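> following is a predicted model, sequence given first.
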Amino acid sequence: MQTILNNLNNSASRFGMHFTPAKCKVLLQDWVGSNPSLMLAYEPIEVVYKFAYLGSCISPGGLAKDDISIRIGKARAAFANLRHLWRRRDISFSVKGRVYNAAALASQQETCQSTIFEEPPKLNVINLLALVKAAQQQHGLRHGDYQRYHQYVSRKLRRMRKSLHFQQGNRSKVLPKKLTSDMVTDPRFLLLKVFEIERSWAYAMQLKADSNTEFRKRFQMISRLRKAVLRGNQLSELATELPMLDAQTKLELQAYIQWIHGVLAFELQDWMKAKEFLEATQAIYAGLMQTIEEDNRGVYSSRVDDILPQIHYCAYNIGDKSAATDLQRMRAQTTTETGGLAELQLDQLLSQARASQAGQVTEVEWLGMTIPVKLEKAKMAILTVKDSDQELLGMDNHNTKLSVYESVLKACVDAIGAVRDEIRATLSTEGAVAAGADKKMAAAVAASSSTDKVSRLQVLYAYLQYLKISKTIERTLLHIKGALSADGLEAAGHVKDGLGTSSFPKPQELSRLYDTLVQNLQELIGLPGAVQERMGLKALLQAKIVAYRSYRCYYLAFTYIHGKRFAECSALLQRSRRHAEEALQALSPTTASWTDDESAASPGPPCDQLITELTSLITQTEAEDLTCRAVYMLDLSDSGDRPFDTSESENKLSQKVLLDRLDHYVECNVVEKSFTTQPYPFVQLPPHFEPVPVKPIFFDLALNHINFPSLTEKTSTGMSKGTSGLSGLVRGWLWGSGSGADEGPSHS
């Protein structure tokens, strides 16, 4: 072959022609199974396994008999296309012969199209699971709305049939068409069969949700699932007859069909078959995860996570008791990011598992009373509450805890409704019997066990109400904790000692949450029965109400400070402090009147923790009140509404020392000016002398240094002269009198 190519190239060059190796290709007609290396002008030539020529595809495996049969087939096709011409009687045979020679014989003698072997077309890779999951998430199943998804799939099937020209009749008449392998020329035909299964499954799940109240719909649900399985079998047969499907698409179709078989067996409670089908589905998807790109593995991983709870539940019903613990662990790890459908399925499976354990619950202890429990929904609610307490201890994710509380509250609400209906039914039956009997019979009915049953149901009703309110309070406290521990709040300074500060972004939300706590505690106090008889429990609940009112006032004050209503803010902060001090006094161990059982039955944090939090609240309230007052003065300063807004008053204040103007607020520049203009800006040095009121005293110090002579001689003789008193005697002795002056010279 290489020699022939070289000779051909040399012969062409003699006539001024040459071959371009890049444009030349070699089809090995008789060299099937070999791979020779051919060169043209010292460059390799590409070897191909099919060659298109004049619109035909020539392949290397053609034989002589194939050439003949293909030419005959082409002539026959051309002859058959002119059937209307051969049947016409107004055309002569000679004309018909010339037409035959021009059409049929020409196609028969066309040797360039004699070896036509067209390979079957290849379909593109169908990412079946990704398409189905996207449709489910976008059209209702994110929130468990199967009716919306069923309607969407019905509309989608109608559009696909119309675009593929595969409509089954018209509006007035249905003409079913069977899809065969010859018709599949577009990947949408396979998607058509897949979404037919999806429609049956979605309608079955919708009926399953309604079968809780209408049991007859369960039979219709099973019928729709059987129809989905039948269509799955048809799809499986069709896939085996399609050689153009790639391996990934075949595996995805096989996994999907195995899954729908597992769903039917699961609903029929055939746990062995269901586990077998679901494990096969899980194995296929796990294998696909190892072969596809990393960007597309999330869909398959999510699918495996969705199937795993059903496998555990099947194992639990077969006899593996540890599977129930696995379900609870998976429910604890499920978050809202994984999709609402996964949470819904896990909740349904857990409720079914608890239903099998409900027979173990016959009575419950509450505040020293033993309450018999016979209703199934009440048993399931009590089991749900007990299981949730254990689950919450090992959880850290905020959203996961909230989802657990939602499921618990839903179970409590269902149980309360069932007990209420049972009470009404019992009372109506008792009234009907009493109305149709005589007085003696009515008295007997009144004293019968129906009255005891109603009283037991009423106690159970109060206990379920207590559970619902308690879990509601815990959920609200979790909301508060999540709001205060949001990312960035602590670092930004919005939270201090577990309390939001005046810079907290949305204090009205916290105020509303604490108001909800106050209302819930008031509802708890109003419950009839055991709560009313426990005075210590009521006192503890009242103390907690006062404590939460202090928090409500605290955060409500911040809503006013954001609106620059400082007077209202300060008043609310002072009220918050009074409530906190009152709650501290009520919660003090010295004044506590409740027992340990009553303290444990009270929802919310224990007393010691609440006392610590209230102490921090009082400290923070004082600080926020001072901050509010300072901000108020700053706001007055900025707005100009202040009594010292004149320069004269500022100058007068700047001349005073700090000790003399403590009751005045001045600007920073005035304070700085006083530092520069006064030598002693804080106190007056030296201090000013001021008159001080004292008791009046004569300070005649000269009398203390005078020695008076003895007057004993004169007192006896001249008593009349001494009547003038001591003052006269002193004057006479110092300055002398008139008579004394005259007698002086005579003595000398």
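Here it is on my side, so go on.
> for the rest of this, base every contact and every neighbour count on C-alpha atoms.
Noted.
> need the strands for the stretch 401-550 of the chain, in chain order.
For the stretch 401-550 of the chain, applying DSSP state E, counting those that start in this stretch gives strands covering 495-496, 499-500.
> switch the ones you listed over to TSV; also include mean pLDDT and mean neighbour count.
Below are the strands of the stretch 401-550 of the chain laid out as TSV (pLDDT from 0 to 100; neighbours: other C-alpha atoms under 10 Å):
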stretch	mean pLDDT	mean neighbour count
strand 495-496	76	16
strand 499-500	78	22
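> need those strands in a markdown table (columns: distance to Leu40).
Listed next are the strands of the stretch 401-550 of the chain as a markdown table, based on distance: least, C-alpha to C-alpha, whole Å:
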| stretch | distance to Leu40 |
| --- | --- |
| strand 495-496 | 82 |
| strand 499-500 | 85 |
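> so which strand or helix has the most centrally placed residue in the chain?
Nearest to the geometric centre of the chain sits Asn399, at 4.7 Å (C-alpha atoms, centre = their mean). Per DSSP states H and E: Asn399 is located in helix 398-435.
> list the helices and strands that helix packs on?
In terms of contacts (3 or more C-alpha pairs under 8 Å, 6 or more residues apart in numbering; DSSP states H and E), helix 398-435 is packed against helix 322-333, helix 376-393, helix 439-446, helix 449-484.
> same list (those) but as CSV, adding mean pLDDT.
As requested, the helices and strands packed on helix 398-435 are exported to CSV (pLDDT from 0 to 100):
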stretch, mean pLDDT
helix 322-333, 52
helix 376-393, 80
helix 439-446, 51
helix 449-484, 84
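> now distance to Glu406 and mean neighbour count too, for the ones you listed, in TSV please.
TSV is the format used below for the helices and strands packed on helix 398-435 (distance: least, C-alpha to C-alpha, whole Å; neighbours: other C-alpha atoms under 10 Å):
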stretch	distance to Glu406	mean neighbour count
helix 322-333	13	18
helix 376-393	11	19
helix 439-446	40	14
helix 449-484	9	18
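> residues touching stretch 280-290, excluding its own?
When contacts are defined by C-alpha atoms under 8 Å, 6 or more residues apart in numbering, stretch 280-290 is touched by residues 248, 251-252, 255-256, 258-259, 297, 300-301, 303-304, 307-308.
> to clarify, my last question referred to stretch 82-94.
Lys96.
> for it, list the C-alpha coordinates in PDB.
What follows is stretch 82-94, C-alpha atoms only, in PDB (Å, rounded to 0.1, in the frame of the first residue of the first chain):
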ATOM      1  CA  LEU A  82     -43.100   6.300  -8.500                       C
ATOM      2  CA  ARG A  83     -46.000   3.900  -7.700                       C
ATOM      3  CA  HIS A  84     -48.600   6.500  -8.600                       C
ATOM      4  CA  LEU A  85     -47.000   6.900 -12.100                       C
ATOM      5  CA  TRP A  86     -47.000   3.100 -12.900                       C
ATOM      6  CA  ARG A  87     -50.700   2.900 -12.000                       C
ATOM      7  CA  ARG A  88     -51.800   5.600 -14.400                       C
ATOM      8  CA  ARG A  89     -53.400   4.300 -17.700                       C
ATOM      9  CA  ASP A  90     -53.100   7.500 -19.700                       C
ATOM     10  CA  ILE A  91     -49.300   7.100 -19.800                       C
ATOM     11  CA  SER A  92     -47.700   4.800 -22.400                       C
ATOM     12  CA  PHE A  93     -45.300   2.000 -21.500                       C
ATOM     13  CA  SER A  94     -42.500   3.700 -23.400                       C
END
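> in it, which residues are buried?
Applying a neighbour-count criterion of 16 or more other C-alpha atoms under 10 Å, one finds Leu82, Trp86 buried in stretch 82-94.
> next: stretch 683-696.
Residues of stretch 683-696 include none that count as buried (16+ other C-alpha under 10 Å).
> same deal with stretch 494-507?
Within stretch 494-507, the residues scored as buried using 16+ other C-alpha under 10 Å are His494, Val495, Leu499, Gly500, Thr501, Ser502, Phe504, Pro507.
> want to throw those into JSON lines with distance to Leu85?
Formatted as JSON lines, the buried residues of stretch 494-507 follow (distance: C-alpha to C-alpha, whole Å):
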{"residue": "His494", "distance to Leu85": "94"}
{"residue": "Val495", "distance to Leu85": "95"}
{"residue": "Leu499", "distance to Leu85": "97"}
{"residue": "Gly500", "distance to Leu85": "95"}
{"residue": "Thr501", "distance to Leu85": "97"}
{"residue": "Ser502", "distance to Leu85": "97"}
{"residue": "Phe504", "distance to Leu85": "92"}
{"residue": "Pro507", "distance to Leu85": "91"}
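> thinking again about what came up before, now the helix holding Asn399: average pLDDT?
Helix 398-435 comes out with an average pLDDT of 79.
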